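Participant: For reference, the sequence and a predicted model appear below.
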Amino acid sequence: MPQVLMPKATAVWLVENTTLTFDQISAFTGLHPLEIQAIADGEVAGGMTGLDPTTNGQLTKEEIKRCETDPAGRLKLSPRDVPEPVARSKGPRYTPVAKRQDRPDAIAWLLKVHPELQDSQVAKLVGSTKSTVQSVRDRTHWNMQNVRARDPVTLGLCTLKDLNDAVDRARRKAAREDAARKKAGLPPIDPQAETNAVDPAEADQPDVAPPANANEQHS
């Protein structure tokens, strides 16, 4: 049976943009009705970017309107002729040369919008290194004057699913650590306090080649 792509992100969009009931959204996405209610209350998937199912061919606007006027109705997936995506094998993310100059912009956006992400997560999302992430964070990147925050999903450096999964993992980890520290009577951890030592295995090509007259290479 066909499954909804990215059910949680789809549920977020349906909650925010339709008048469908929790049961209808639950039946379509496969999530529990209580989880749909928690999404609506902001207790789950806070900050997650919703995925419009009409833009990727999973639903039609007419189908949504039909179920909005009939609370007993159930959403039906649109037929898909496109083959399912093949999972990428594990390993370092390859970034095309043409997109490498966009990575500092994507890093700046992630640091600004999702400060809960660790530097290693940011580096993995955009195919960069922790040293480059740190240089953008502390504004010592050699091309910092030209860096402007831009969404890595829009730039094509990562998928919406990868981004939402990384944010979910970071928030779950932070919640566990805060609970443990609270139990021990310690103050919460600063989400940006991360050890940024560079692993030699993470060596990567520079995001953009520095000017020819530069005296030294920067990360």
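Facilitator: Alright, I've got the coordinates.

Participant: just for the chain, where's the confidence low?
Facilitator: 1-2, 80-99, 188-219 (pLDDT under 70).

Participant: and if we set it to 90?
Facilitator: 1-9, 30-31, 33-35, 37-58, 71, 76-102, 127-128, 153-161, 170-219 (pLDDT under 90).

Participant: quick one, helices of it?
Facilitator: 7-17, 22-29, 33-40, 61-68, 97-100, 103-113, 119-126, 130-137, 152-155, 160-183 (DSSP state H).

Participant: can these go into CSV with extra columns for distance to L77 and mean neighbour count?
Facilitator: No exception for glycine: its C-beta is placed from N, CA and C like everyone else's. Formatted as CSV, those follow (distance: least, Cβ to Cβ, whole Å; neighbours: other Cβ atoms under 10 Å):
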stretch, distance to L77, mean neighbour count
helix 7-17, 11, 20
helix 22-29, 8, 21
helix 33-40, 18, 18
helix 61-68, 9, 15
helix 97-100, 32, 12
helix 103-113, 31, 22
helix 119-126, 29, 24
helix 130-137, 39, 23
helix 152-155, 23, 17
helix 160-183, 18, 15
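
Participant: Okay, domains of the protein per the record?
Facilitator: As assigned by automatic domain parsing, the chain contains the domains 7-68, 97-199.

Participant: How about the contacts made by the residue most central in space within the chain?
Facilitator: Central residue of the chain (Cα atoms, centre = their mean): L163, 1.5 Å from the mean position. Each residue near L163 by Cβ atoms under 8 Å, 6 or more residues apart in numbering is listed here: 49, 125, 152-153.

Participant: farthest pair in those?
Facilitator: Spanning the widest gap among the contacts of L163 are T49 and L125, at 13.5 Å by Cβ to Cβ.

Participant: quick one on the thing from earlier: possible to save the contacts of L163 as a markdown table with distance to F22?
Facilitator: Compiled in a markdown table, the contacts of L163 are given as follows (distance: Cβ to Cβ, whole Å):
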| residue | distance to F22 |
| --- | --- |
| T49 | 20 |
| L125 | 31 |
| P152 | 32 |
| V153 | 27 |
